[in-house]
Structure formats: structure tokens, C-alpha cells
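Asker: Here is my input, please return the structure:
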Amino acid sequence: VVDLDVSPTGREFASVSADRTLRFFPLRGHIGKSRDCYHAARMQTPSAVRYAADASYVLTASDDANLRVWKVEAATKLGGRATHTRREADALGYRRTLLAKHAHLPEVSKVLRHRNLPKMITKLK
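Answerer: Take a look at the predicted model:
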């Protein structure tokens, strides 16, 4: 771990590490297990991470002199319309209901646990 920052909400923290990833960890609950892992193919080793004041974005600085902006929740919308349309809200609610109903099935839990990670990190496991 190169750097970490606690979110303004106090519920989680973000860390950047030498394996060129940005990871989000909860402060309580699943200790040691990252909630999400972001990476970019061309990103060099990140040197710093900071939360935005509203806790919806994270900024990272890397050795290649780039500043990147990442969404804390990957599924949130960007742009002027912060809310979903009625149809999108219904579809998201239906997906959440299906996940809750079928969470006990091994295939569903496998899909929920799956993360797209670089080969270098996958080989370390």
C-alpha cells in the first residue's frame, strides 16, 4: 500500500498500491476484503489517493504525472441528471429483488464475487 484516505462519510477507505490498483475497503464488516478494485492498463504506480468532499469521487495521482478521477460507486450516473428515469429505476429495483431472491444459489454468488483484474494480480492469488 502506497497511500490511503478515509472517506468523508467515515464508512470506508480507499488505498492505492504498487500493483497499480485502487481498492475500496469498508471500515467495519468484511475486514481485509476489498469492496471494489479499479485499475487502468496504462496507469503507472499511483502515489496518492484523496476523496472528493462529497465522497462520490476519488482522485489518484501516479508516477506518470497523471491525475485520474474515479467514481466511488461505478454504477452511478454522470452528468446533469442525477436521478434515474422511471424505467431505469424499475429495472434496477427488479435486479435488486432478483439478487435478494436468488442470492443462495452458487451461480449467483459466483457472479457477484467475480472481479475483472489484471493477469498480474490474478497470478499472485
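Asker: So residue 22 lies in a strand, does it not?
Answerer: Yes. Counting by DSSP: H, G, I helix; E, B strand; the rest coil, residue 22 is part of a strand.
Asker: Need the pLDDT of the closest residue to residue 16 other than its chain neighbours.
Answerer: Of all residues not flanking residue 16 in the chain, residue 46 sits nearest, at 3.7 Å (Cβ to Cβ, 6 or more residues apart in numbering). Any C-beta I mention is one placed from the backbone N, CA and C, and that applies to glycine too. Residue 46 carries a pLDDT value of 90.
Asker: Residue 46 against residue 59, yeah?
Answerer: No. Taking contacts as Cβ atoms under 8 Å, residue 46 lies outside contact range of residue 59: 10.3 Å.
Asker: With neighbour numbers in mind, choose between these two.
Answerer: More crowded of residue 46 and residue 59, by other Cβ atoms under 10 Å: residue 46, with 25 against 15.
Asker: dump the residue contacts of that one.
Answerer: Residue 46 makes contacts with 2, 3, 16, 17, 20, 22, 60, 61, 62, 63, as judged by Cβ atoms under 8 Å, 6 or more residues apart in numbering.
Asker: is it in a bridge, and if so with what?
Answerer: Counting by DSSP bridges, residue 46 forms beta bridges with residue 62.
Asker: can you check the one 5 residues further on too?
Answerer: Beta-bridge partners recorded for residue 51 (DSSP bridges): residue 58.
Asker: check contacts around the one residue sitting closest to the centre of the chain.
Answerer: Taking Cα atoms, centre = their mean, the centroid of the chain lies closest to residue 36, which sits 3.6 Å from it. For residue 36, the contacting residues are 23, 24, 74, 115, by Cβ under 8 Å, 6+ apart.
Asker: and residue 109, what helix or strand is that in?
Answerer: Assigned by DSSP states H and E, residue 109 falls within helix 106-113.
Asker: Just the buried residues of that helix, please?
Answerer: Residues of helix 106-113 classed as buried by neighbour count (16 or more other Cβ atoms under 10 Å): none.
Asker: Run the chain-centre distance for it.
Answerer: How far helix 106-113 lies from its chain's middle: 18 Å, per Cα atoms, centre = their mean, to the nearest Å.
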